[in-house]
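A.B. asks: Fold the following.
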Amino acid sequence: MGFRHQHFPDYVCRLNKSLYGLKQAPRAWYQRFTDFVLSIGFRQTRSDHSLFVYHHGTTVAYLLIYVDDIILTTSTDQLRDHLMRRLGDEFAMKDLGRLSHFLGVQVTRKANTMFLSQQQYATDIIERAGMSSCNPVATPVDCNPKLSATSSPEFDNPTQYRSLAGALQYLTFTRPDISYAVQQVCMYTHSPRIDHSNALKRIIRYLKGTASFGLTLGSIGDFSLRAYTDADWAGCPDTRRSTSGYCVYLGSNLLSWSSKRQAVVSRSSAEAEYRGVANVVAELSWLRNLLLDLHKPMRKAGIVFCDNISAVYLSGNPVQHQRTKHIELDIHFVRELVKRGQVRVLHVPSRFQIADIFTKGLPRILFDDFRSSLSIRPPLASTAGV
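C.D. replies: Numbering: from 1, shown residues only. Modelled structure (predicted):
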């Protein structure tokens with residue numbers, strides 16, 4: 001903008017080469033990379049446009065790109081060498097070998113187990129907060145009533161609060177056990193209070209004792225999707241909106257999770273729980289499509305566990321009554337998927353509802369039990385040099 005050619009003031013210039021720093025640069029690079037990998041036999045998946053699949057006969061390769069960081073996995077060493085050679089001829093690339101670090105996530109392998117950790121990142125957050133010598137706590141959030149927007153005086157350093165809250169959000173990529181606590185403090189970044197600052201410090205004190213913890217993934221014996229969903233009805237003291245959470249497993253491996261305040265107020269606990277079911281069913285639908293793009297179609301129905309009997313009945317029973325007739329039609333797509341046999345909604349006792357960890361503060365014993373169910377554990381023996 002603003003450039004005028006001295007001899008051709010009415011001409012419009014055409015951009016031939018984009019540079020980093022310009023808004024056009026990421027899109028131009030992505031388009032060039034996409035065009036090339038498609039030309040060598042990859043196919044762009046519909047579920048995730050950053051994921052490309054190479055499938056010819058018995059050979060398979062998956063390529064995932066984030067800006068200029070790439071993960072490539074192949075079914076054979078020969079295919080990997082061939083694809084790396086083709087990519088190296090076209091782009092200035094460096095082969096970093098087996099996956100060990102990606103976007104701040106440390107990856108450690110032992111036999112058929114993979115350990116994902118952000119230990120260094122967690123340590124940096126603790127140091128940035130000036131709490132390197134703090135005493136650790138057993139849980140990231142207490143069991144007291146939830147935070148309020150006007151519960152205490154304003155915090156005197158909102159910039160630091162926002163910086164730490166944003167940093168903790170990225171940590172939840174490998175630490176689902178702090179998802180609920182981080183979601184709570186992030187709701188008040190616009191006007192943090194002293195109570196909110198204390199809640200944020202408690203998360204950091206919890207990280208002090210568990211900085212080395214991470215997500216463990218292993219080989220899959222049972223190729224099926226299983227999900228847990230829960231909602232804390234009218235839990236927000238300011239808006240009376242509910243907080244819903246879910247976690248999804250592929251076999252024994254945790255794939256995705258969420259802790260989020262619902263967009264509207266629910267008039268009953270059945271509605272709040274049913275909205276939570278709708279959220280996780282939408283996630284299951286996306287995962288089924290993703291697995292189909294990866295040439296690993298899901299043959300079994302996904303199982304959704306909910307601890308609310310009314311929500312379970314509502315997912316399969318089209319009869320409406322006074323408590324449910326106000327629910328919007330858009331979340332009744334759950335019934336359609338249940339009817340097609342893609343999803344089954346079953347009841348689970350509250351004591352075994354793992355998704356509770358995403359909706360409320362829990363006592364230590366219950367929190368430790370659910371954290372273990374999420375495969376959040378100390379590092380593998382090999383990470384300690386054993």
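A.B. asks: Low-confidence stretches in this protein?
C.D. replies: 1-3, 17-25, 318-330, 381-386 (pLDDT under 70).
A.B. asks: Quick one: the helices in it, in order.
C.D. replies: 24-39, 77-90, 119-128, 158-171, 179-186, 194-210, 269-293, 309-316, 333-340, 364-373 (DSSP state H).
A.B. asks: which residues are contacting stretch 134-149?
C.D. replies: With contact meaning Cβ atoms under 8 Å, 6 or more residues apart in numbering, stretch 134-149 is reached by 126, 177-178, 180-181, 184-185, 187-188, 191, 193, 195-196, 199, 201-210, 235-238, 360-364, 367-368. Every residue, glycine included, has its C-beta placed from N, CA and C.
A.B. asks: brain fart, stretch 359-366
C.D. replies: By Cβ under 8 Å, 6+ apart, the residues outside stretch 359-366 that reach it are 138-139, 141-144, 180, 230-232, 235, 243-245, 259, 356, 370.
A.B. asks: circling back to that earlier point, make JSON lines out of the helices of the chain and add distance to Leu96 and mean neighbour count.
C.D. replies: Converted to JSON lines, the helices of the chain look like this (distance: least, Cβ to Cβ, whole Å; neighbours: other Cβ atoms under 10 Å):
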{"stretch": "helix 24-39", "distance to Leu96": "18", "mean neighbour count": "13"}
{"stretch": "helix 77-90", "distance to Leu96": "11", "mean neighbour count": "13"}
{"stretch": "helix 119-128", "distance to Leu96": "17", "mean neighbour count": "16"}
{"stretch": "helix 158-171", "distance to Leu96": "21", "mean neighbour count": "17"}
{"stretch": "helix 179-186", "distance to Leu96": "30", "mean neighbour count": "23"}
{"stretch": "helix 194-210", "distance to Leu96": "28", "mean neighbour count": "20"}
{"stretch": "helix 269-293", "distance to Leu96": "25", "mean neighbour count": "22"}
{"stretch": "helix 309-316", "distance to Leu96": "46", "mean neighbour count": "19"}
{"stretch": "helix 333-340", "distance to Leu96": "41", "mean neighbour count": "16"}
{"stretch": "helix 364-373", "distance to Leu96": "32", "mean neighbour count": "16"}
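A.B. asks: closest to Ser47 out of the ones you listed?
C.D. replies: Nearest of the helices of the chain to Ser47, taken as Cβ to Cβ: helix 269-293 at 4.1 Å.
A.B. asks: tilt between the closest one and helix 309-316?
C.D. replies: Per axes from the mean of the first three to the mean of the last three Cα atoms, to 10 degrees, the angle that helix 269-293 makes with helix 309-316 is 50 degrees.
A.B. asks: got the angle between helix 269-293 and helix 333-340?
C.D. replies: 60 degrees.
A.B. asks: So what's the gap between helix 269-293 and the chain middle?
C.D. replies: Distance of helix 269-293 from the chain centroid (Cα atoms, centre = their mean, to the nearest Å) equals 14 Å.
A.B. asks: now for that helix, which elements pack on it?
C.D. replies: Using 3 or more Cβ pairs under 8 Å, 6 or more residues apart in numbering; DSSP states H and E as the contact test, the elements touching helix 269-293 are strand 51-56, strand 225-232, strand 243-250, strand 253-261, strand 302-306, helix 309-316, helix 333-340, strand 343-347.
A.B. asks: again, only this time at 7 Å
C.D. replies: Counting contacts by 3 or more Cβ pairs under 7 Å, 6 or more residues apart in numbering; DSSP states H and E, helix 269-293 is packed against strand 225-232, strand 243-250, strand 302-306, helix 309-316, helix 333-340, strand 343-347.
A.B. asks: Is His56 in contact with Gly41, as I believe?
C.D. replies: Yes: counting by Cβ atoms under 7 Å, His56 does reach Gly41; the two are 6.4 Å apart.
A.B. asks: Name the residue in the two with the higher neighbour count.
C.D. replies: Shown here are His56 and Gly41; by other Cβ atoms under 10 Å, Gly41 has more neighbours (15 against 9).
A.B. asks: dump the residue contacts of the closest residue in space to that one that isn't next to it in sequence.
C.D. replies: Leaving aside its chain neighbours, Gly41 sits nearest to Tyr54 (5.4 Å; criterion: Cβ to Cβ, 6 or more residues apart in numbering). Applying Cβ atoms under 7 Å, 6 or more residues apart in numbering to Tyr54 gives the contacts Gly41, Phe42, Val60, Ala61.
A.B. asks: Distance-wise, check Tyr54 relative to Leu362.
C.D. replies: Look at Tyr54 and Leu362: by Cβ to Cβ, to the nearest Å, they are 44 Å apart.
A.B. asks: same thing with Ala272?
C.D. replies: Distance, Ala272 to Leu362, using Cβ to Cβ: 19 Å.
A.B. asks: now swap in His55 and tell me
C.D. replies: Going from His55 to Leu362 by Cβ to Cβ gives 44 Å.
A.B. asks: between these two, who's got more neighbours?
C.D. replies: Taking neighbours as other Cβ under 10 Å, His55 and Leu362 compare with Leu362 leading, 20 against 16.
A.B. asks: now the more buried one: how far from Thr239?
C.D. replies: Distance of Leu362 to Thr239, given as Cβ to Cβ: 23 Å.
A.B. asks: Break this structure into its domains for me.
C.D. replies: The chain breaks down by automatic domain parsing into domains covering 1-97, 117-213+378-384, 222-348.
A.B. asks: export the ones you listed to TSV and tack on distance to Lys110?
C.D. replies: Listed next are the domains of the chain as TSV, based on distance: least, Cβ to Cβ, whole Å:
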stretch	distance to Lys110
domain 1-97	17
domain 117-213+378-384	5
domain 222-348	15
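A.B. asks: Of all these, which one is nearest Val107?
C.D. replies: Of all those, domain 117-213+378-384 comes closest under Cβ to Cβ, at 8.1 Å.
A.B. asks: May I have the beta-bridge partners of Leu64?
C.D. replies: Beta bridges link Leu64 to Leu51, Ile71 when assigned by DSSP bridges.
A.B. asks: Hmm, it is touching Leu51, no?
C.D. replies: Yes: at 5.3 Å, Leu64 and Leu51 qualify as touching, with contact defined as Cβ under 7 Å.
A.B. asks: All set, thanks.
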